[in-house]
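Student: Quick one, fold the following:
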Amino acid sequence: MTTPVVLHALDSFRTEVVAGPHHFILDEPVEAGGTGEGPTPYDLMGAALGGCTSMTLHYYAKREKLPLTGVDVTIVHDRQHAKDCADCVTHSGYIHRFRVEIRLHGDLNEEQRQQLLGIARRCPVAKTLSSEIKIDEVLAPTQ
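Tutor: Below you'll find the predicted structure:
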């Protein structure tokens, strides 16, 4: 089991997050009713996917001694009604899509670039987001 992430919000979207030794703020943009003091939850999810992708590529390249000198990842998140998605299995609710654009730096040939693209798909966060997920909400006792 991982270390819990603890969040605390008062009467607004602004949410304080404690993740191990790290403290940061999640929020919504001002135009959505937030204060704009931090990234949105979807921004953070995109950052998790992009960070995991980059870390996975660096780990693999070091292990295989590939000349990867840097990775830039751009994540775009969008959603659409499932009924409007021609290539989706689900037909109700929403389908969330994450476009993961990867720019590889280093003296890599095309075969190595394609190899790394395949490895990017194996990042643990990508695998989590593309698998069935169960979320169990439970009430904690009041203090």
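Student: What number of residues are in the vicinity of T56?
Tutor: Residues near T56, counting by other Cβ atoms under 10 Å, number 20. Where you see a C-beta, it was placed from the backbone N, CA and C, and this is true even at glycine.
Student: scratch that, Y60 is what I was asking about
Tutor: Y60 has 18 nearby residues by other Cβ under 10 Å.
Student: And what about it, helix, strand or coil?
Tutor: Classification of Y60 using DSSP: H, G, I helix; E, B strand; the rest coil returns helix.
Student: For the residue nearest the centre of the chain, give me phi and psi.
Tutor: The residue lying closest to the centre of the chain (Cα atoms, centre = their mean) is L49, at 2.9 Å. The phi/psi pair for L49 (degrees, to the nearest 10) reads phi -70, psi -50.
Student: I'd say it and K127 touch.
Tutor: No - the pair L49 / K127 is not scored as a contact, 10.6 Å apart, by Cβ atoms under 8 Å.
Student: residue ranges with poor pLDDT in this protein?
Tutor: 1, 82, 84-88, 90-92 (pLDDT under 70).
Student: Which stretches in the protein count as strands?
Tutor: 5-9, 15-19, 22-26, 68-81, 94-106 (DSSP state E).
Student: Need those strands in JSON lines (columns: distance to L44 and mean neighbour count).
Tutor: Shown next, in JSON lines, are the strands of the chain (distance: least, Cβ to Cβ, whole Å; neighbours: other Cβ atoms under 10 Å):
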{"stretch": "strand 5-9", "distance to L44": "10", "mean neighbour count": "11"}
{"stretch": "strand 15-19", "distance to L44": "9", "mean neighbour count": "15"}
{"stretch": "strand 22-26", "distance to L44": "6", "mean neighbour count": "12"}
{"stretch": "strand 68-81", "distance to L44": "11", "mean neighbour count": "14"}
{"stretch": "strand 94-106", "distance to L44": "13", "mean neighbour count": "14"}
